[in-house]
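1. Please find the sequence and the predicted model below.
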Amino acid sequence: MIERGLASLGRVVLDGLAGAGRVALYALTVVSHLLRPPFYGREFLHALMQIGWLSLPVVGMTALFTGAALALQIYAGGARFSAESVVPSITAIGMVRELGPVLGGLMVAARVASSIAAEIGTMKVTEQIDALVTLSTDPLKYLAAPRVLAATLSVPLLVGIGDVIGIMGGWMVGTGRLGFNSATYIKNTWEYLEFWDVGSGLVKGAAFGFIVALMGCFYGMNSGRGAQGVGAATKSAVVAASILILAANYTLTEVFFSA
């Protein structure tokens, strides 16, 4: 019984390592296609619109309510130590360093990774990808590369806009609910924010965008046949993107702020 248990555990570990290797090789292949012509500008612009512009409402609403709730929580916690004055600075730092990039990335993962996986998976099921190969068009170059590039460039912009909206949400609660002076709140927010606080969040946004599009393309192109296969690929893309975003967030935070 012990041997069977160890054998099962070993198979799970080996399967996990094999899957990680396939994803890593796929990522390297996609990156190599980004650096070589031909470039499909129309596909890139379409992906930029779908991933960036159309994701702005959900990211903005998420950031607004997150910033407002964060201000309330920090005020409630700071009141225990007579430190209510830290609300503007901690709200801003928390938004731009962590909550803005992570929640923005997760919202984009929920919306975009599922959409990409479903779209490419359906193309595979209906043999449209085989048709691209017949027409001497590389599916990775035509389908994956523009989407990965568009997500890598657009998600940092979404994160930056979300940061501003989140800080505004904290300002609205701080001035309208908690009794802060508007000018003082803005002054404290501006004084305690540093360049790298914002820059680190934008770098995280680029990494998260790359992960989201990569997972959507990977699981879409490896989806099973039929509606059930496409559904499973969509679910796997969202789950994998979300987990990798959280793991990458910890890794990047360790690199940026471990000192």
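-> Arrived safely. Residues are numbered from 1 along each chain as shown.
2. What's the mean pLDDT across stretch 24-33?
-> The pLDDT scores in stretch 24-33 average 90.
3. who's in contact with the residue most central in space within the chain?
-> Centroid-nearest residue in the chain, with Cα atoms, centre = their mean: G105, separated by 2.5 Å. Contacts for G105 were tallied using Cβ atoms under 8 Å, 6 or more residues apart in numbering; they are V155, V159, K204, G205, F208, G209, I211, V212, I245, N249. From N, CA and C alone the C-beta is placed, and that goes for glycine too.
4. ok, the fourth one touching V159?
-> In this case it means G205. Yes: if you go by Cβ atoms under 8 Å, G205 and V159 touch, sitting 3.5 Å apart.
5. quick one: common contacting residues for these two?
-> Common neighbours of G205 and V159, using Cβ under 8 Å, 6+ apart, are P101, G104, G105.
6. ok so, going back, take the contacts of G105 and write them to a markdown table, including distance to S55 and secondary structure.
-> Formatted as a markdown table, those follow (distance: Cβ to Cβ, whole Å; DSSP: H, G, I helix; E, B strand; the rest coil):
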| residue | distance to S55 | secondary structure |
| --- | --- | --- |
| V155 | 8 | helix |
| V159 | 11 | helix |
| K204 | 16 | helix |
| G205 | 12 | helix |
| F208 | 12 | helix |
| G209 | 10 | helix |
| I211 | 15 | helix |
| V212 | 10 | helix |
| I245 | 14 | helix |
| N249 | 18 | helix |
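7. so where do the helices sit in the stretch 151-259 of the chain?
-> Applying DSSP state H, counting those that start in this stretch to the stretch 151-259 of the chain gives helices spanning 182-192, 195-221, 226-257.
8. any chance of those helices in a markdown table, with distance to V23, mean pLDDT and mean neighbour count too?
-> As requested, these are arranged in a markdown table below (distance: least, Cβ to Cβ, whole Å; pLDDT from 0 to 100; neighbours: other Cβ atoms under 10 Å):
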| stretch | distance to V23 | mean pLDDT | mean neighbour count |
| --- | --- | --- | --- |
| helix 182-192 | 39 | 88 | 15 |
| helix 195-221 | 6 | 93 | 23 |
| helix 226-257 | 8 | 92 | 17 |
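9. Quick one: closest of the ones you listed to A144.
-> Taking Cβ to Cβ, helix 195-221 is the member of these nearest to A144, at 4.1 Å.
10. Next, the angle from the closest one to helix 226-257.
-> If you take axes from the mean of the first three to the mean of the last three Cα atoms, to 10 degrees, helix 195-221 sits at 160 degrees to helix 226-257.
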